[in-house]
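Asker: need a 3D model of the following:
(one chain, ligands or ions: 1)
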Amino acid sequence: MKKKWCDYLWIGELLYWVLGLCNILFAWLGMLFFTIPLLVALIGGNKAYCSRYCGRGQLLGLLGKRLSRNAPPPRFLRSRWFRYGFLAFFMIMFGLMLRGTYMVFTGAPLRQTVTLLWVFKLPWQWARVDMVAPWIAQFAFGFYGVMMTSTVLGLVTMALFRPRSWCVYCPMGTMTQGICMLKQKKEDGGCGGEGQENCGAVENSRQ
Ligand code: SF4
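Answerer: Numbering: from 1, shown residues only. Below you'll find the model as predicted:
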């Protein structure tokens, strides 16, 4: 089958990591990966972003061809309580990161570290950030940590289970799925027909 431009968006994901390593301020570009899926779900009422345009999902699918055990993800990973619980946890940690940014905005010293898996502080002293206000740099350090944490979790679940098992509990997937289900409920009193296909982050995990 002939490839389309959107089949190459995994390159954008790789580019994001390379640019961030060159200069941490490029971490701000990750906001696109946050806002675009939400806008697609809010405006289109579907998960077109997940099924066609997510570079991370594509990258996990490609790497998983060689590196995944291809085992079905455990049932708890698919459960509602785990997906929504993980989303809540992720949002709390995101909120703490924003709080750290605000503290730097109000005069606290800049911390040049990237936090991996919410615990490990990776020193990032070599980054040149003196051209921007300290809070802008602090957000970049924090956000790069958020992106790195979710990528590491995605890679681990890719290796242990199916290539796109991360999609089962990805916070963005859970949020967009919730939005599209709410929108469809409003329109036809349920999540059926085309919506069933569009709503399912779970479909991605089968790849
Ligand atoms: S569930 Fe997350 S990682 Fe998977 S395709 Fe959607 S946004 Fe991308």
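
Asker: so where is the chain shaky, pLDDT-wise?
Answerer: Scanning the chain for pLDDT under 70 picks out 189-207.

Asker: who in it is up against the ligand?
Answerer: By the criterion of C-beta under 6 Å from any ligand atom, the positions of the chain lying close to the ligand are 37, 50, 54, 56-57, 166-167, 170, 172-173, 201, 204. No exception for glycine: its C-beta is placed from N, CA and C like everyone else's.

Asker: and the residues you listed, which are buried?
Answerer: 37, 50, 54, 56-57, 166-167, 170, 172-173, 201, 204 (16 or more other C-beta atoms under 10 Å).

Asker: and of those, the nearest to residue 129?
Answerer: residue 56 (25.2 Å; C-beta to C-beta).

Asker: secondary structure element holding the closest one?
Answerer: Using DSSP states H and E, residue 56 sits in helix 55-67.

Asker: show residues contacting that helix.
Answerer: Applying C-beta atoms under 8 Å, 6 or more residues apart in numbering, the contact partners of helix 55-67 are 7, 9-14, 16, 33, 50, 70, 151, 154-155, 158-159, 162-164, 166-167, 204, 207.

Asker: now with 6 Å?
Answerer: 9-10, 12-13, 154, 158-159, 163-164, 167, 204, 207 (C-beta atoms under 6 Å, 6 or more residues apart in numbering).

Asker: which of those residues fall in strands?
Answerer: Within these, no residue falls in strands by DSSP state E.

Asker: let me know the closest of these to residue 184.
Answerer: Using C-beta to C-beta, those come closest to residue 184 at residue 204, 18.4 Å.

Asker: tell me the one of the residues of the chain next to the ligand nearest residue 80?
Answerer: residue 201 (12.1 Å).

Asker: on that earlier part again, can you add distance to residue 128 and give the contacts of helix 55-67 back as CSV?
Answerer: Output for these, formatted as CSV (distance: C-beta to C-beta, whole Å):
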residue, distance to residue 128
9, 29
10, 28
12, 24
13, 24
154, 29
158, 33
159, 34
163, 36
164, 36
167, 35
204, 38
207, 40
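
Asker: hang on, the earlier thing: please identify which pair of the residues of the chain next to the ligand lies farthest apart.
Answerer: Greatest spacing in these, by C-beta to C-beta: 37 and 166 (14.0 Å).

Asker: taking this structure, what residue is nearest to the ligand?
Answerer: residue 173 (2.6 Å; C-beta to the nearest ligand atom).

Asker: this protein: helices as residue ranges?
Answerer: Under the criterion DSSP state H, the chain contains helices at 10-22, 31-39, 48, 55-67, 75-78, 80-105, 134-160, 166-169, 171-188, 194-199, 201-205.

Asker: nearest to residue 117, of those?
Answerer: For those, the distance to residue 117 is smallest for helix 134-160, at 5.3 Å, taking C-beta to C-beta.

Asker: helices or strands up against the closest one?
Answerer: Contacts defined by 3 or more C-beta pairs under 6 Å, 6 or more residues apart in numbering; DSSP states H and E place helix 134-160 against helix 55-67, helix 80-105, strand 113-116.

Asker: ok, now with 10 Å
Answerer: helix 10-22, helix 31-39, helix 55-67, helix 80-105, strand 113-116, strand 120-123, helix 166-169, helix 171-188 (3 or more C-beta pairs under 10 Å, 6 or more residues apart in numbering; DSSP states H and E).
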